[in-house]
Each structure stands twice: as C-alpha cells, then as structure tokens.
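Peer 1: Here's a sequence, model it:
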Amino acid sequence: MPDDFNCHFERLDDQLSVCVSPEHTFGTDAFLLADFAQIKHGETLCDLGTGCGIIPFLIYKFYHPQKIYGLDIQKQAIEQFRRGVDRASLGSVLYPIQGDLRDMKGLLPLGMMDVVTCNPPYKAWGAGILSELTAEQIARHEVLCTIDDVCAAAEKLLRFGGRFYLCQRPERLADVIAAMRAHRIEPKTLRFVAGRYEDAPWLFLMEGRRGGKPFMQVLPTLAVQDECGFSEELLSIYGHSAAWRKTEE
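Peer 2: Below you'll find the predicted structure:
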C-alpha cells in the first residue's frame, strides 16, 4: 500500500483501529450518528461519504450487521478505510468503495440496502469561507454533492421500508426535510444535540424511512455536557468504545 500521506491509527477497541490523517479524521458527530442509527442483526447498510470509515467501524462494533459498504469519492479516504479493514481482517464484512454517490451504478447493489447513513457536508455551496485543503472543502462544503444528491443516493440504495440516518446543522433542517420528501424518504425521528440542555442545538440527528407514512417523533435533546463535565448519556455512547482516541504508532 502507498505511504505517501501522513496517517496513524486510533484504537476503538482491541480489534478495531481507524486510520486517520489530517485530511480524514473524525469527531463526536460520528459517534452520535452511529449510536442513533438502530441496526438489526443481519442487515446490510451503506455509509455515504464515509471518509476514514469511522461510522462503518462504529456500527460494526455496536451492532455487528451482516455487511457494511463505505462509499467515498476521495482516493485517500478509501485507502485509509481499507487500511483499517485490513488491520482488523474484516474484508468479508466491511467494503471500502471509491466512487461518486451521484453515479453508483455498478458500484453498489441498488435497492437492496436496509440502512443508509451519512454525515454530509454541513455548509451549503457558497456559504462561509472555503477551507484551504481540498479534502476539507469536500467534507465541510457542498462542493461535490448537495443534500439533495445525498437523499437521491439514499433513495436509490434503500429497499422499500429501509431507513436513512444522517446528522446535520440545525440551520439545514428545512433543507433536509424537503430533500428527503422529494426522494420518497419520510422523516420519522428527530433529535437535537446541544452543548448543554439550556443551549441552542448545534446538531440534529434524523431518521427517515423510504416509503414511510407522514409522522415524525421528536426525541428529548441530547446534551453533551452537564455540571460535572461530559453528560452520562454521552459517556455511555463513548463507553461503547472505551479506548476511543488511544493513538497507536
């Protein structure tokens, strides 16, 4: 494998380690989304814009589904994901795939997924100052795909009744609901995430169902911190991966 980029492994547990780099790393939102996604035994899923593969690794650790595809357009991201898969000998479960979610024909089994997940770019195209690194532009801004593109891809991948999980900034809530419904994915569950209970939310988690009937449940806000530091719920989520962010050389 090529060694032309700077990376190291961060251990999730005794088996799983994620290959991270300055261009493709992960944060709290990945843990929140993986925990929010309710995966059943034997299901097949795909993570769109998977980056280093953190969400597939966490979902494998939390739920042990049958098969997890991770799609990303960036070669280095998929190479990092592949290194983690090879290190854990999980090539029969985790499938890193390089490709464009706007043209997935021949890359993925369309209409067959039980679950699709996505931690998409948060900023709409033209919003804010673009980062200097191209990888950061792709991760943070809708440079190569929009929220409509993401929902269109989810519609193509999901079987009828399949579930779509994503996280996004609260200011994009209307965009997400509109894009989901435009692609026959009905928003079913919404949860906001705030620094503290009294704070305005900085993130939301959404579950949609392909072909679902209109009805959305709004769950209590998830607070990241309380008066003692990290909240008990966040610690419980991190507790699924007690060795989180222990770096391996």
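Peer 1: ranges for the strands of the protein?
Peer 2: With DSSP state E as the criterion, the chain has strands at 8-11, 17-20, 44-48, 67-72, 94-98, 113-118, 158-168, 185-194, 201-210, 217-218, 222-223, 225-226, 229-230, 246-248.
Peer 1: Could you pick out the longest helix of the protein?
Peer 2: Counting by DSSP state H, the longest helix found in the chain is helix 75-88.
Peer 1: Show me how far that one is from its chain's centre.
Peer 2: Relative to its chain's centre, helix 75-88 lies at 16 Å (CA atoms, centre = their mean, to the nearest Å).
Peer 1: can you pull the contacts of Phe5?
Peer 2: Residues in contact with Phe5 (CB atoms under 8 Å, 6 or more residues apart in numbering) are Ser21, Glu23, Gln76, Glu79. From N, CA and C alone the C-beta is placed, and that goes for glycine too.
Peer 1: Correct me if wrong: the second one contacts Gln76.
Peer 2: Yes. In this structure, Glu23 sits in contact with Gln76. The criterion is CB atoms under 8 Å, and the distance is 6.1 Å.
Peer 1: By average pLDDT, which secondary structure element in this structure comes out worst?
Peer 2: Least confident helix or strand of the chain, by mean pLDDT, DSSP states H and E, is strand 246-248 with a mean of 42.
Peer 1: What helices and strands are in contact with the longest helix of the chain?
Peer 2: strand 17-20, strand 67-72, strand 94-98 (3 or more CB pairs under 8 Å, 6 or more residues apart in numbering; DSSP states H and E).
Peer 1: wait, what's in contact with Tyr69?
Peer 2: Counting by CB under 8 Å, 6+ apart, Tyr69 touches Thr44, Leu45, Cys46, Asp47, Pro56, Tyr95, Ile97, Leu108, Met113.
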